[in-house]
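no sequence for this one, just the structure:
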Ligand code: NAD
């Protein structure tokens, strides 16, 4: 086992089951001290219990690892980080994994469906990361993962709330990556696919059984290791396939003083993805636009 985590402390949110449980077990196996956070509620974000986190902590300890349970909702990130500091004295890794679903068509969606999804996924990732950030800055070391979804990238019927929240997390991690760069804090986004109690509501049972959460675990483990070199990127895993997802922009076309008719006329050229370019940062994009302005000032 060459990727070791000795001396490192990790928080895995929602680690009482599904994907998070596999991350907690794997990190502990590789020497990390793990805060196993789980509210222990149902998949819709109601109710709570201590048993889910406790069982995973027990499993880690029985295998000779070190772990402590935390039962707070991810909205209260300061309490989760306090568990890490009180028990292990530091925090190096945050895997924002906790999640719920409130699937319903947009016409039937209530404010509660919208707000609960944002509270757990977006406010939760914000809150835990925010509480860990000062420790990571001071020690000039941190590894952060947020969990998005193909629904956040592509949209999905009945998931306007979930898709919006999962998409928000990509922007969150990309901005964190820039703020963390000079402190050696790396932030990346994971897009997983796995059978779990969340996906058993939307997948047939044979697929739930085949898409083992353990297929996702190796990627996440590498993303939070000290040797991992990248930040502000999106990585994907499922069914034994691993890859990355990046934004490319079409070459487009500069049309000085364009009218709507010019846009319509040139549509195929503007949206032609042949020769599309990877744009890594806001700064690169702004630089491109400034270059256009210099060459072809718009006349008023
Ligand atoms: P899961 O339901 O098995 O695990 C989610 C865990 O989060 C549960 O144990 C739950 O108790 C916990 N949790 C929920 N709300 C919480 C809160 N407020 N505070 C603390 N813990 C809370 O589901 P999973 O499939 O393992 O999902 C893990 C993450 O991966 C989620 O963020 C999910 O949206 C995301 N995801 C999963 C898939 C997939 O195919 N399974 C695809 C895309 C994204």
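Perfect, thanks for sending it. Just so it is clear, the structure is predicted and the values come from calculations on it, not from any experiment.

Model confidence for the residue in the stretch 51-200 of the chain positioned nearest to the ligand, exactly?
Residue nearest to the ligand within the stretch 51-200 of the chain (C-beta to the nearest ligand atom): residue 99, separated by 2.5 Å. Any C-beta I mention is one placed from the backbone N, CA and C, and that applies to glycine too. Among the per-residue scores, residue 99 holds a pLDDT of 97.

again with the one 3 residues further on
According to the prediction, residue 102 has pLDDT 97.

With residue 298 instead?
63.

what about the residue of the stretch 51-200 of the chain closest to the ligand, distance to residue 148?
The spacing between residue 99 and residue 148, counted by C-beta to C-beta, to the nearest Å, is 10 Å.

Equivalent analysis for residue 181, please.
Distance, residue 181 to residue 148, by C-beta to C-beta: 21 Å.

so what secondary structure elements neighbour the longest strand seen in the chain?
If you go by DSSP state E, the chain has its longest strand at strand 185-193. Where contact means 3 or more C-beta pairs under 8 Å, 6 or more residues apart in numbering; DSSP states H and E, strand 185-193 is packed against helix 124-139, strand 142-147, helix 150-154, helix 160-180, helix 217-223, strand 234-238.

how about these, which one is nearest residue 58?
Smallest distance to residue 58 across these (C-beta to C-beta): 19.3 Å, for helix 217-223.

Neighbours of residue 203, how many?
17 (other C-beta atoms under 10 Å).

check which helix or strand covers it.
Following DSSP states H and E, there is no helix or strand that holds residue 203.

Equivalent analysis for the one 5 residues further on, please.
Assigning secondary structure by DSSP H and E places residue 208 in helix 205-210.

buried residues in that helix?
residue 208 (16 or more other C-beta atoms under 10 Å).

Distance from it to the middle of the chain?
23 Å (C-alpha atoms, centre = their mean, to the nearest Å).

For the stretch 1-150 of the chain, which residues are neighbours of the ligand?
The stretch 1-150 of the chain comes close to the ligand at residues 13-14, 16-20, 37-41, 43, 45, 52, 73-74, 97-100, 120, 124, 147, 149, as judged by C-beta under 6 Å from any ligand atom.

again, 5 Å this time
14, 16-19, 38-39, 73-74, 97-100, 120, 147, 149 (C-beta under 5 Å from any ligand atom).

Filter those residues down to the ones in strands?
Going by DSSP E, the strands hold residue 147 from these.

Counting neighbours, which of the residues of the stretch 1-150 of the chain next to the ligand comes out on top?
residue 38 (33 neighbours).

nearest spatial neighbour of that residue, skipping sequence neighbours?
Spatial nearest neighbour of residue 38, excluding adjacent residues (C-beta to C-beta, 6 or more residues apart in numbering): residue 16 at 3.0 Å.

wait, what's in contact with the one you found?
Applying C-beta atoms under 8 Å, 6 or more residues apart in numbering to residue 16 gives the contacts 36, 38, 40, 51-53, 55-56.

what's in contact with the helix or strand bottoming out on mean pLDDT in the chain?
One helix or strand of the chain scores below all others by mean pLDDT, DSSP states H and E: helix 282-295, with a mean of 92. Helix 282-295 is contacted from outside by 249, 254, 279, using C-beta under 8 Å, 6+ apart.

now, among these, which is nearest to residue 141?
residue 279 (28.6 Å).

For that closest one, report the pLDDT, please.
91.

circling back to that earlier point, is the longest strand of the chain anywhere near the ligand?
Yes - contact of strand 185-193 with the ligand (C-beta under 5 Å from any ligand atom) involves 192-193.

Just give me the neighbour total for the nearest residue to residue 165 once chain neighbours are set aside.
Among residues not flanking residue 165 along the chain, residue 121 sits closest, at 4.1 Å (C-beta to C-beta, 6+ apart). Other residues near residue 121 come to 28 when the count uses other C-beta under 10 Å.

same deal with residue 88?
Neighbours of residue 88 (other C-beta under 10 Å): 21.

can you count the residues close to the closest residue in space to residue 296 that isn't next to it in sequence?
Of all residues not flanking residue 296 in the chain, residue 256 sits nearest, at 4.9 Å (C-beta to C-beta, 6+ apart). Neighbours of residue 256 under the rule other C-beta under 10 Å: 11.

Which secondary structure state does residue 256 sit in?
Secondary structure, DSSP: H, G, I helix; E, B strand; the rest coil: residue 256 is coil.

And the pLDDT at it?
In the prediction, the pLDDT value recorded for residue 256 is 95.
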